[in-house]
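S.K.: Below: sequence and its predicted model.
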Amino acid sequence: MVNFEKIYLRVALKIIERCHGAIKITKRGKIVEVYDLNRHIWSDGLAGLIIKEECRSANLKEWEFASVRSYVIKELLEKSKN
């Protein structure tokens, strides 16, 4: 059996890498804006789309998208503390 936490973390890191860490979040962990290098724009609604695209490319189910999103937020909050 595959460890799903490792998969979610790997996809979350891929999302952060795709945006080069250019993801603005609030202190409470809500994603405000992201910069997508593929589209070359900042957007507040684009975060969900990027997460969906990367999750679908990793063959994850739709109900798993929220788990990946939480890993993205957790990683960004940890990086901002350091």
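M.R.: Noted; the coordinates are in hand.

S.K.: In contact with Ala58, which residues?
M.R.: Contacts were defined as Cβ atoms under 8 Å, 6 or more residues apart in numbering; by that measure Ala58 touches Ile7, Arg10, Val11, Lys14. Where you see a C-beta, it was placed from the backbone N, CA and C, and this is true even at glycine.

S.K.: Sticking with the nearest residue to Leu9 once chain neighbours are set aside, tell me its helix or strand.
M.R.: Once flanking residues are discounted, Leu9 sits nearest to Tyr71: 5.4 Å by Cβ to Cβ, 6 or more residues apart in numbering. Assigned by DSSP states H and E, Tyr71 falls within helix 65-81.

S.K.: Buried residues in that helix, which are they?
M.R.: In terms of neighbour count (16 or more other Cβ atoms under 10 Å), helix 65-81 has its buried residues at Phe65, Ser67, Val68, Arg69, Tyr71, Val72, Ile73, Glu75, Leu76.

S.K.: Determine the three-state secondary structure at the residue nearest to Cys19 when sequence neighbours are not counted.
M.R.: On the basis of Cβ to Cβ, 6+ apart, the spatially nearest residue to Cys19 that is not a chain neighbour turns out to be Val34, at 5.2 Å. Of the three states, Val34 takes strand according to DSSP: H, G, I helix; E, B strand; the rest coil.

S.K.: okay, now Val34: neighbour count?
M.R.: 26 (other Cβ atoms under 10 Å).

S.K.: from memory it sits against Leu46, does it?
M.R.: Yes. Counting by Cβ atoms under 8 Å, a contact exists between Val34 and Leu46, whose distance comes to 5.3 Å.
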